[in-house]
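[1] My questions concern the predicted model and sequence given below.
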Amino acid sequence: MKLYKFLPFVIFSVISLALYIGLKLNPSIIPSPLINEPIPEFSLPVVGGEEAGFNSDDLKAEDEVILVNFFASWCGPCYIEHPFLMKLKERGYKIYGVSYKDKARATNKFLSNLGNPYYKVAADEDGRMAINWGGYGVPETYVIKNGFIQYKHVGPIHEMEFEDKVMPIIESIDQ
Amino acid sequence: MIVELGHYALILACLLSFIQATFPLYGAQYNQGRLMALSSPAAYGQLFFVTISFASLMYAFVVSDFSVANVARNSHTLKPMLYKVSAVWGNHEGSILFWALILALYGALVAFFGRKLPKTLHVRVLAIQALVGLGFYLFLLLTSNPFERIFPFPMEGNGLNPLLQDPGLAFHPPLLYMGYVGLSVTFSFAVGALLEGRVDAAWARWVRPWTLLAWCFLTAGITLGSWWAYYELGWGGWWFWDPVENASFMPWLVATALLHSAIVVEKRDTLKSWTILLAIIAFSFSLLGTFIVRSGVLTSVHAFATDPERGVFILIFLFIVIGGSLLLFALRADKMTPGGLFAPISRESMLVINNLLLTVAAMVVMFGTLYPLLRDALTGDKITVGPPFFNIAFGLLMIPLLLVMGMGPSVSWKRADLRGISSRLSFVFAASVVMALALFYVTSGDNFMAAVWLGLGLWVLLSTLFEWADRVKLFKSGALKRVLRQPRASVGMTLGHIGFAIAVIGMAGTSFWSSEYQGIMGYGDKATIAGYELTLRNTDGIIGPNYTAIRAIFDVSKDGVELSPLMPEARVYQTPPMPTTEAAILSRFTGDLFVVIGETNSAEYDQWAVRLYYKPLQIWLWFGVAIMVLSGLISLSDRRFRMGTLKSRKNK
């Protein structure tokens, strides 16, 4: 008997074991250790310039609930969520926009074509801020109050999800 | 009442499968004819009872009997009839019942067509088939009973996911399952042969048509799903390397390898234990695919059942079936003595390379699919493996595969003359290189990889045609007669390879040359893409049977010629509430123009988010795959595979 003939069986056993462990995990939970933690320090320039856009102290100075949205003109889902961000702006939310790993011209074109939902926009050209904030990609939206991260939404934000998940948090903070 | 009848029939089918899996197997071991005689009637009986069971579930859906929990969860009175019927297999319980139905159908077919097989082999094959069936029946009855009632029952159902309410997706699962489950027959034959301890050319002649049939269904099913993703998801993509797509693609890759290695067993009586292993692996991937989709162990846009208890059940079942057969393989494979020897340059070697590349490709896909899970299980890191990994790793394997594919048919069995082949094919190779470079130049040379892939597609296309012309001596008198007299199996081979080449050319075109435009358009605004000029004329609201929609009308013109307008829709379904896009696609030989209308961003409803895509050669992809499926069916009708022939040959 040749031992290598057992190889398929051994490989399969290893895979089964991994699948067994995998069954106990929930892949839809994306952990964020920064919930209820103060926002990481940062200071970003404006899009396409050297002068300061906004920094962590600006966000800490806000006394209402604010949103920080990471976006990029190269990101398909960002186009999807964009109309809803416009609605949020109309409803009076202050959204700080962070243009993630994008060229200034592309960002400006994105905002002038679709409209600018942001209170202030800054450029995170090398993605350093996103790393410090534990970002997985774009789009991502953070709910912040008094410089503390209250909630993080990964992926395009939809009206229904906003009402279901984000509104309760905002309401509970306001109380 | 009818529903209870279905439940009862399912229990009877389960008991029959138990009988079919045990007593005849014992009978085959100890040569007891009476016990062996049980197996065929049991297989027919199983089919009978599962059919009753499935029909009664379908009845519950058709009449919208919401006292059945499964119907209440997945159906709705307002749904069009087609989707009431397709909802039967569009949910977890129903789809497993559907699996069991097809498994029983294949079992009965094997019972019927295999009458002339050596008795012990026939009985063993059917027993393995029943053993797999038993697992599915138990899974249904113990964890996922589709006939469960609820009280009090709701007046209205929850409806089916609107994305799934589409003709393409109504037929995608049945085709896919016919393919998945078709591989169970090859699996049963492989395990049966291991139990018998004998594999010969006759065995391969038996296995090939089943593999071919399963392969045709798999190819059609996967492509239908891909086509659905293309026009329904509205991103203009046709393959996303999503875990569920990969789950169907892995068995396809292995089945394709198996298809080729079975030829070697049949013609040359060698590569036996490898072929057996492939048959086991192909079906293992079918089961693994079902597990991945059903257990929710990997998240995906497709996964619609997540329940760890079910996952554990399937995993145990998988371990018994796959682990058991692989263990049997390890213990028994030594008995398969190889027959004919062959030289390094020979048809056999070409097929071995094909097999290695396809299997490694399947392993790469499996690794990429399971790696995030392994990582999460071992270290807790959450990562995803995306298209860049698959495109590079898979693409690198496909390049040598396509090169060998062009050569293979021209290489003779046993020992081939390398110099002769290269002198014949070097002209074809040079021609494809020149054509690819010409295309590279014409398209302003912006994408070198596009030229590489087009060149490879052309190479397979031209070399296949060349080999065919050579074989039928196209330019000598009486060619037509020779063309018509080609055995269907070799017609199938030629057509299959041509279809694949066309599909590769389509993939290259749509992957490398596509262009897109995203923006906001008001009425009268114009946008141009790939020479087409689109004007947003108007939008209107329409009301469908279970949705409302905004329909936009775009006037389309190219080079000043007015074409028929395109009308994409943005739908909002009522139950469950969910927005979907219905893209409007103008399909032409040279490429697809793809229009999607999104949300409005103003209160006056006069500005719309619009996405336009141009997908060159997209239709070549679908057309090429259609040829591949057709080629499989032609090959299947070859007289070698017809059962009467087999019988008469045996009698001689």
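    Happy to help now that I have it. All values reported here derive from a predicted model rather than from experimental measurement.
[2] Where is the longest helix in chain A?
    With DSSP state H applied, the helix covering the greatest number of residues in chain A is identified as helix A:7-23.
[3] Summarise which helices and strands the helix or strand just after that one is packed against.
    Sequence-wise, the next helix or strand downstream of helix A:7-23 (DSSP states H and E) is strand A:43-45. With contacts defined as 3 or more Cβ pairs under 8 Å, 6 or more residues apart in numbering or on different chains; DSSP states H and E, strand A:43-45 has these neighbours: strand A:52-55, strand A:120-124. Where C-beta positions appear, they are placed from N, C-alpha and C, glycine not excepted.
[4] Show me which of those has the highest average neighbour count.
    strand A:120-124 (a mean of 21; mean count of other Cβ atoms under 10 Å in any protein chain shown).
[5] contacting residues around stretch B:361-377?
    A:15, A:18-19, A:21-22, A:25, A:27, B:241, B:243, B:246-247, B:249-250, B:253-254, B:257, B:281, B:285, B:292, B:297-298, B:381-385, B:389-390, B:393-394, B:397-398, B:401 (Cβ atoms under 8 Å, 6 or more residues apart in numbering or on different chains).
[6] no no, stretch B:543-563
    Contacting residues not belonging to stretch B:543-563 are listed as B:76, B:78-80, B:159, B:162, B:165, B:531-542, B:564-575, B:582, B:584, B:586, B:593, B:595, B:597, B:600, B:608, B:610 [Cβ under 8 Å, 6+ apart].
[7] what's the helix or strand for A:Ile169?
    Remark: A:Ile169 resides in helix A:167-174, with elements defined by DSSP H and E.
[8] Look up which helix or strand B:Tyr614 falls in, please.
    Secondary structure from DSSP H and E places B:Tyr614 in strand B:607-616.
[9] swap that for B:Leu121, sorry
    In this structure, B:Leu121 is located in helix B:119-143 according to DSSP H and E.
[10] can you check B:Phe23 too?
    According to DSSP H and E, B:Phe23 maps onto helix B:2-30.
[11] likewise A:Asn69?
    strand A:66-71.
[12] which residues does the spatially most central residue of chain A form a beta bridge with?
    Taking Cα atoms, centre = their mean, the centroid of chain A lies closest to A:Glu140, which sits 1.9 Å from it. Following DSSP bridges, A:Glu140 is listed with bridge partners A:Phe70, A:Val154.
[13] show me what contacts it?
    Taking Cβ under 8 Å, 6+ apart as the contact definition, A:Glu140 lies against A:Asn69, A:Phe70, A:Ala130, A:Lys152, A:His153, A:Val154, A:Gly155.
[14] Now the helix or strand hosting the fourth one: buried residues?
    To tie it back to what came earlier, the one meant is A:Lys152. Counting by DSSP H and E, the secondary-structure element that holds A:Lys152 is strand A:148-154. Buried residues in strand A:148-154, counted by 16 or more other Cβ atoms under 10 Å in any protein chain shown: A:Phe148, A:Ile149, A:Gln150, A:Tyr151, A:Lys152, A:His153.
[15] Could you export these as CSV, including distance to chain B and pLDDT?
    Formatted as CSV, the buried residues of strand A:148-154 follow (distance: Cβ to the nearest Cβ, whole Å; pLDDT from 0 to 100):
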residue, distance to chain B, pLDDT
A:Phe148, 23, 87
A:Ile149, 18, 88
A:Gln150, 21, 86
A:Tyr151, 18, 86
A:Lys152, 14, 86
A:His153, 16, 85
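[16] Would you mind listing the two of those residues that lie farthest apart?
    Greatest spacing in the buried residues of strand A:148-154, by Cβ to Cβ: A:Phe148 and A:His153 (16.0 Å).
[17] Ramachandran angles for B:Val561?
    Note on B:Val561: its backbone torsions stand at phi -90, psi 130 [degrees, to the nearest 10].
[18] next one: B:Ala37
    phi -70, psi -10.
[19] Show me the helices in the stretch 301-450 of chain B, by range?
    Secondary structure of the stretch 301-450 of chain B (DSSP state H, counting those that start in this stretch): helices at B:308-318, B:324-332, B:347-379, B:387-407, B:418-442, B:448-471.
[20] Name the nearest residue to whichever residue of the stretch 101-250 of chain B sits closest to chain A, sequence neighbours excluded.
    The shortest separation between the stretch 101-250 of chain B and chain A is 6.9 Å, found at B:Trp235 (distances taken as Cβ to the nearest Cβ). Across the structure, with Cβ to Cβ, 6 or more residues apart in numbering or on different chains as the measure, the residue nearest B:Trp235 apart from its sequence neighbours is A:Gly76 (6.9 Å).
[21] rewinding a little: for the strand holding B:Tyr614, name the packing helices and strands.
    The criterion is 3+ Cβ pairs under 8 Å, 6+ apart, and the helices and strands that strand B:607-616 contacts are helix A:76-90, helix B:488-512, strand B:515-522, strand B:526-529, strand B:532-543, strand B:591-600.
[22] mind saving the C-alpha coords of the helix or strand following the first one as CSV?
    By that I understand helix A:76-90. On the C-terminal side of helix A:76-90, the closest following helix or strand by DSSP H and E is strand A:94-100. Presented in CSV, the C-alpha positions along strand A:94-100 are these (Å, rounded to 0.1, in the frame of the first residue of the first chain):
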residue,chain,number,x,y,z
LYS,A,94,-23.4,67.3,9.1
ILE,A,95,-21.3,64.9,7.1
TYR,A,96,-17.5,65.1,6.9
GLY,A,97,-16.3,63.5,3.7
VAL,A,98,-13.0,61.8,3.4
SER,A,99,-11.9,61.1,-0.1
TYR,A,100,-10.0,57.8,0.1
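[23] what does the longest helix of chain A rub up against?
    With Cβ under 8 Å, 6+ apart as the contact definition, helix A:7-23 has outside contacts at B:277, B:280-281, B:284, B:291, B:295, B:297-298, B:308, B:311-312, B:315, B:318-319, B:322-323, B:326-327, B:329-330, B:370, B:373-374, B:376-378.
[24] Okay, now the unreliable bits of the chain?
    I went with chain A, as the question did not name one. Flagging of chain A using pLDDT under 70 yields the residue ranges A:1, A:24-33, A:174-175.
[25] sorry, should have said chain B
    Checking chain B against pLDDT under 70 turns up B:294-308, B:337-339, B:380-382, B:444-445, B:575, B:601-603, B:639-652.
[26] Show me how it divides into domains.
    B:1-162, B:166-388, B:417-513, B:515-616 (automatic domain parsing).
[27] With mean neighbour count and distance to A:Asp58 added, can I get those in TSV?
    Compiled in TSV, the domains of chain B are given as follows (neighbours: other Cβ atoms under 10 Å in any protein chain shown; distance: least, Cβ to Cβ, whole Å):
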stretch	mean neighbour count	distance to A:Asp58
domain B:1-162	20	43
domain B:166-388	21	31
domain B:417-513	17	43
domain B:515-616	17	27
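[28] could you check the angle helix B:2-30 makes with the helix holding B:Leu121?
    140 degrees (axes from the mean of the first three to the mean of the last three Cα atoms, to 10 degrees).
[29] How about the next helix-or-strand element following helix B:119-143 and chain A, touching?
    Where DSSP H and E defines the elements, the next helix or strand beyond helix B:119-143 is helix B:167-196. No: when contact is scored as Cβ under 8 Å from any Cβ of the partner chain, no part of helix B:167-196 falls within range of chain A; the minimum is 11.6 Å.
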